[in-house]
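*Asks:* coords below, sequence missing:
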């Protein structure tokens, strides 16, 4: 059987060691929770920014907007099919 002095020695050093480990683990968990909250907030911001960019892309790709910009900013207009001339260059054999 172990001596009472050995048991006392183990308890004197083991209990503070376990309490210190528990405090350290709590500190690590708190830091990890803060990191998780920060990353989730950053993810939320990125998702919102992505939605805004996707909406802007959809707006820019709208056919009506492209036609309006072509007409108003570039002075372009639709061409009637009867005004289109088809030119074939070097496409056939000459008999």
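*Replies:* That came through fine. Keep in mind the model is a prediction, meaning the values are calculated, not measured. Residues are numbered from 1 along each chain as shown.
*Asks:* just say helix, strand or coil for residue 12.
*Replies:* Reducing the assignment at residue 12 to three states with DSSP: H, G, I helix; E, B strand; the rest coil gives helix.
*Asks:* actually, residue 58.
*Replies:* Following three-state DSSP, residue 58 is assigned to helix.
*Asks:* same check on residue 74?
*Replies:* Following three-state DSSP, residue 74 is assigned to coil.
*Asks:* quick one, phi psi at it?
*Replies:* Recorded main-chain torsions at residue 74 are phi -110, psi -10, according to degrees, to the nearest 10.
*Asks:* the one 3 residues further on now?
*Replies:* Phi and psi for residue 77, reported as degrees, to the nearest 10, are phi -140, psi 160.
*Asks:* look up how far residue 80 lies from the residue lying closest to it once chain neighbours are set aside.
*Replies:* Excluding the flanking residues, the one nearest residue 77 by CB to CB, 6 or more residues apart in numbering is residue 71, at 6.2 Å. Any C-beta I mention is one placed from the backbone N, CA and C, and that applies to glycine too. Relative to residue 80, residue 71 is positioned 15 Å away (CB to CB, to the nearest Å).
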